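J.: Structure for this input, please:
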Amino acid sequence: MGSGSPCLGTKVAHLIGPGKVRLINDRLAFSNGKAAALRLDLGTLRLVVCHGPVGWTDRALARLFPTGVEVAFLSRAGGRYHGRVAGSHLEGTWLRTQQHRAASEPKLALEVARGIVTAKIESQVDGARRLQRKGLHSATDARRGLGRLLDAVRRADDRNELRGLEGRASAIWFRLFAAALIKPWDFPARSIRPPRDPVNALLSLGYTWLLARVGARSQAFGFELNVGFLHEYRPGRPSLACDVMEPLRLPMVDRWVLAICNRKELRPDAFVREGEGVRLSRALMPRLVTSWEQHASRNELDAVLDEGLSRLASWLRQNDQ
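T.: Numbers count the residues shown, from 1 in each chain. So this is what the prediction gives:
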């Protein structure tokens, strides 16, 4: 905790517990007892996200209130949101108000939804480009088809049309995804409830973990989880998290599934039939969770989420009326 400890000037800081935050020379200092304390500059800081057991001294917590810095508490892996601490001048209140307003105004909601679908199809174009470089010939036609859909997305004038275009793009991508799998893996078509084959079971698992991470991150930023733009409000559905995760499905889950299948890190016989669907053997779940977390970390999922959510908050600010 000496004067040589690093000082981080950032809007969003993530602290991984166990550890404790203290106030030293008017800066927050986080220490886990293993390395030099990490000091946070209150001049730039807007949000502290605590993963797992992160304690706060009374002085450190009290120092936050006049600055407007908020603290969110998540599970250690970031998949569950526990709560938040904030002063009386909540920017989160303003943020949720603007989110509700934008979601209720068709033109504004259409603009956000268009951006979501555009980003998702662009991720599919990038995925097709990667597979094309690996010699998959059908990737060329897939890229062309996705490019045409991108043009149509830019011209779409309502959200139902956008949803239809998103569905057509996903169909193109999943046909290419199936062609990229190496035997004995097989992917006839996307099936959800229940997943009817091992590849669908892997996709569903990955999407579930991704949705949990996106939901926790969205709440930590102060967004209203159930109010979306592409996904309209439906009781019990985290519509905003569903929106935010759409462009992340391919890089954070689909590529991971292709990798573990084609590298033979897993075999189809690791799954057991359950009713009309299949599920992974429970004994293998910890290994698979670790594999996905490593993939998410290599692809900087948390940083990508922070950037996307900050961009949405900035857009809402610019469209404040």
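J.: shaky segments in the stretch 51-200 of the chain?
T.: Counting by pLDDT under 70, the ranges of the stretch 51-200 of the chain that qualify are 77-80, 86-91.
J.: And the strands in it?
T.: Along the stretch 51-200 of the chain, counting by DSSP state E, counting those that start in this stretch, strands occupy 54-56, 70-74, 81-85.
J.: Mind giving me the packing neighbours of the first one?
T.: Where contact means 3 or more Cβ pairs under 8 Å, 6 or more residues apart in numbering; DSSP states H and E, strand 54-56 is packed against strand 19-24. In this view, the C-beta of every residue, glycine as well, is placed from N, C-alpha and C.
J.: Now the helix or strand just after the strand it packs on - C-alpha only, CSV.
T.: Later in the chain than strand 19-24, the nearest helix or strand by DSSP states H and E is strand 27-31. C-alpha atoms of strand 27-31 as CSV (Å, rounded to 0.1, in the frame of the first residue of the first chain):
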residue,chain,number,x,y,z
ARG,A,27,-8.0,7.2,-3.0
LEU,A,28,-9.7,3.9,-2.7
ALA,A,29,-7.1,1.1,-2.2
PHE,A,30,-8.0,-2.5,-2.7
SER,A,31,-5.8,-5.2,-1.3
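J.: what does strand 27-31 rub up against?
T.: By Cβ atoms under 8 Å, 6 or more residues apart in numbering, the list of residues contacting strand 27-31 from outside reads 1, 5, 7, 15, 19-23, 37-42, 45, 48, 54, 60, 63.
J.: residue nearest the centroid of the chain?
T.: Centroid-nearest residue in the chain: V214, 3.7 Å away (criterion: Cα atoms, centre = their mean).
J.: how about whichever helix in the chain runs longest: buried residues?
T.: Using DSSP state H, we find that the single longest helix of the chain is helix 106-133. Within helix 106-133, the residues scored as buried using 16 or more other Cβ atoms under 10 Å are 108-110, 112-118, 120-125, 127-128, 130-132.
J.: Repeat that for stretch 176-186.
T.: Residues of stretch 176-186 classed as buried: 176-178, 180, 185 (neighbour count, 16+ other Cβ under 10 Å).
J.: closest to G275 among those residues?
T.: W185 (21.8 Å; Cβ to Cβ).
J.: tell me the contacts of that closest one?
T.: The contact partners of W185, taken as Cβ under 8 Å, 6+ apart, are 198-199, 261-262, 268.
J.: Same check on E224?
T.: Contacts of E224 (Cβ under 8 Å, 6+ apart): 96, 99-100, 240.
J.: Surely it is within a strand?
T.: No - per DSSP: H, G, I helix; E, B strand; the rest coil, E224 lies outside any strand segment and is coil.
J.: How much space separates it from E274?
T.: E224 is 35 Å from E274, where distance means Cβ to Cβ, to the nearest Å.
J.: Quick check: closest non-adjacent residue to R190.
T.: Residue nearest to R190 in three dimensions, not counting chain neighbours: F174, with 5.4 Å by Cβ to Cβ, 6 or more residues apart in numbering.
J.: The one you found and L181 touch, don't they?
T.: No - the criterion here is Cβ atoms under 8 Å, and F174 misses it with L181 at 10.8 Å.
J.: Find residues that contact each of those two.
T.: With Cβ under 8 Å, 6+ apart, F174 and L181 have common neighbours F187.
J.: Can you report how many residues lie near the closest residue to P18 other than its chain neighbours?
T.: Of all residues not flanking P18 in the chain, P53 sits nearest, at 4.5 Å (Cβ to Cβ, 6+ apart). By the criterion of other Cβ atoms under 10 Å, P53 has 12 neighbours.
J.: and what of A36?
T.: By other Cβ under 10 Å, the residues close to A36 number 12.
J.: Which pLDDT value belongs to it?
T.: Note for A36: predicted pLDDT of 77.
J.: Can you tell me how far it is from F30?
T.: From A36 across to F30, the span is 10 Å (Cβ to Cβ).
J.: repeat for N160
T.: The gap separating N160 from F30 is 47 Å, by Cβ to Cβ.
J.: For those two, work out which one has more neighbours and name it.
T.: Neighbour count, other Cβ under 10 Å: between N160 and F30, F30 has more, with 25 against 8.
J.: For the more buried one, give the beta-bridge partners.
T.: Per DSSP bridges, the residues bridged to F30 are V21, L38.
J.: what's the distance between it and E105?
T.: Distance from F30 to E105, counting by Cβ to Cβ: 41 Å.
J.: go on, Q124?
T.: Taken as Cβ to Cβ, the span from Q124 to E105 is 29 Å.
J.: R168 too?
T.: Computed as Cβ to Cβ, the R168 to E105 distance reads 27 Å.
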